[in-house]
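Trainee: sequence and predicted structure below; questions after.
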Amino acid sequence: MPLMRVTHQRGAITEAQKARLAEELTAALLIGEVGADTPAGRAVAYVLFDEVDPKTSWFVGGKPDLEAPKAGRFLVDIVYPSGSTPQAEKSALHAAINDIITRTLDIDAASGRGTDWVMIHDVADGNWGAGGNTVGIAEINQALNGVPERKNYFEPLIAAQRRMQAAHGYPAGAARS
């Protein structure tokens, strides 16, 4: 049930490039969250594009960004349930998104383009809801047919969070962070 928002400068991408980006980013997004690109995952993987006018709404250093690099700038926000993704896989996702953007937009990857930011936001367990139900990474991994090995990461993490909260007197029912 991952969510990705791609904020980009107006005119940076064509409709065909957007469609290709959506397809490839969806695969990367699902692999990052549950370790597999599955039909069940694709049914609930959202990639949203937000186009911003660089002359009136995108500022760098306090001024309109009138000298953006080739293909503009991109901010990619990813929302995952907490515990879904180990750090190594988050780092792999950062690299994959950069590769997808540079390849799709025909940008020289060696140019040192540091203008695209990828931020992964973890939603605390108990704060994600779907269909009127509260869901966590265990339920999401099962529903999206995630790889069973991912449990080896999130189950001990959730157990450790519970122990930490108990040791520090968190109130009963507090969401895990």
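Mentor: Cool, got the structure. Because the structure is predicted, anything quoted here is derived from the model rather than measured. Residues are numbered from 1 along each chain as shown.

Trainee: got any ranges where the protein has weak pLDDT?
Mentor: Under the criterion pLDDT under 70, the flagged ranges of the chain are 109-113, 175-177.

Trainee: which residue is nearest the middle of it?
Mentor: residue 78 (2.2 Å; C-alpha atoms, centre = their mean).

Trainee: how about that residue, nearest residue that isn't a chain neighbour?
Mentor: In this structure, residue 78 finds its nearest non-sequential neighbour in residue 120, 4.7 Å apart by C-beta to C-beta, 6 or more residues apart in numbering. (Glycine included, C-beta is placed from N, CA and C.)

Trainee: quick one: list the elements packing against the longest helix along the chain.
Mentor: Determined from DSSP state H, the single longest helix within the chain is helix 15-34. Judged by 3 or more C-beta pairs under 8 Å, 6 or more residues apart in numbering; DSSP states H and E, the packing partners of helix 15-34 are strand 3-9, helix 39-42, strand 46-52, strand 74-81, helix 87-104, helix 137-143.

Trainee: now distance to residue 25 too, for the ones you listed, in CSV please.
Mentor: Listed next are the helices and strands packed on helix 15-34 as CSV, based on distance: least, C-beta to C-beta, whole Å:
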stretch, distance to residue 25
strand 3-9, 6
helix 39-42, 12
strand 46-52, 5
strand 74-81, 8
helix 87-104, 6
helix 137-143, 18
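
Trainee: wait, which of these is closest to residue 150?
Mentor: With C-beta to C-beta as the criterion, residue 150 lies closest to helix 137-143 of the helices and strands packed on helix 15-34, at 5.6 Å.

Trainee: which outside residues touch the closest one?
Mentor: Residues from elsewhere that reach helix 137-143 (C-beta atoms under 8 Å, 6 or more residues apart in numbering): 1, 33-34, 40, 44, 81-84, 125, 128, 135, 146, 150-151, 154-155, 158.

Trainee: try stretch 55-74
Mentor: Outside stretch 55-74, the residues within contact range by C-beta under 8 Å, 6+ apart are 6-9, 11-13, 52, 54, 101, 105, 107, 111, 113, 115-117.

Trainee: from these, which would you call buried?
Mentor: Neighbour counting over the contacts of stretch 55-74 (16 or more other C-beta atoms under 10 Å) leaves 6-9, 12-13, 52, 54, 101, 105, 107, 113, 115-116 as the buried ones.
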